[in-house]
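Asker: sequence first, predicted model second:
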Amino acid sequence: MRLLTVTDTPLVLDTTPFLSGSNAIAVNLSDSAVTIEAADSAADDFTTFLEVEAGSLVEIANLPPRIQLAGAGPLYLIADMD
């Protein structure tokens, strides 16, 4: 199992198993919802991709090339190796 910490700093998803187009599980252990923002390239603005409610996990199909949180975090991504 692979784990990636997501914060409000942009991440480029270009390393196995966190590649653009792959699947992951987003885990929010905080007591407030977090918003994942996504962009296709460094030249693009980040836009809202997904909101993960407090204390929950969400399966993400087809990860975008770049992600970050809209605010405080962290959020954890677990690689979906199936």
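Answerer: That came through fine. Only a predicted model underlies this, so the values are computations on that prediction, with no experimental measurement involved.
Asker: switch to C-alpha atoms for all contacts and neighbour counts from now on
Answerer: Noted.
Asker: look up how far Thr15 lies from Ala26.
Answerer: 17 Å (CA to CA, to the nearest Å).
Asker: for the chain, which spans come out with low pLDDT?
Answerer: 1, 82 (pLDDT under 70).
Asker: hmm, back to that, of Ala26 and Thr15, who's got more company?
Answerer: Ala26 (24 against 8; other CA atoms under 10 Å).
Asker: so the more buried one touches Glu53, yeah?
Answerer: No. Applying CA atoms under 8 Å as the test, Ala26 and Glu53 come out as separate, 10.2 Å apart.
Asker: which of the three states applies to the spatially most distant residue from the centre of the chain?
Answerer: Computed with CA atoms, centre = their mean, the residue of the chain farthest from its C-alpha average is Ala43, at 18.9 Å. At Ala43 the chain is in coil, as set by DSSP: H, G, I helix; E, B strand; the rest coil.
Asker: residue contacts, it?
Answerer: If a contact means CA atoms under 8 Å, 6 or more residues apart in numbering, then Ala43 has no contacts.
Asker: distance of it from Gln68?
Answerer: 15 Å.
Asker: quick check: beta-bridge partners of the closest residue to Thr5 other than its chain neighbours?
Answerer: What sits nearest to Thr5 in space, not counting adjacent residues and going by CA to CA, 6 or more residues apart in numbering, is Tyr76, at 4.7 Å. As for beta bridges, Tyr76 partners with Thr5, Val27 under DSSP bridges.
Asker: tell me, how many residues neighbour Tyr76?
Answerer: Tyr76: 18 neighbours (other CA under 10 Å).
Asker: all strands for this protein, in order.
Answerer: 3-6, 11-12, 14-15, 18-19, 24-28, 34-39, 47-52, 56-60, 66-69, 75-79 (DSSP state E).
Asker: so which of those strands is the most surrounded?
Answerer: Per-stretch averages of neighbours, counted by mean count of other CA atoms under 10 Å, single out strand 66-69 among the strands of the chain, with a mean of 23.
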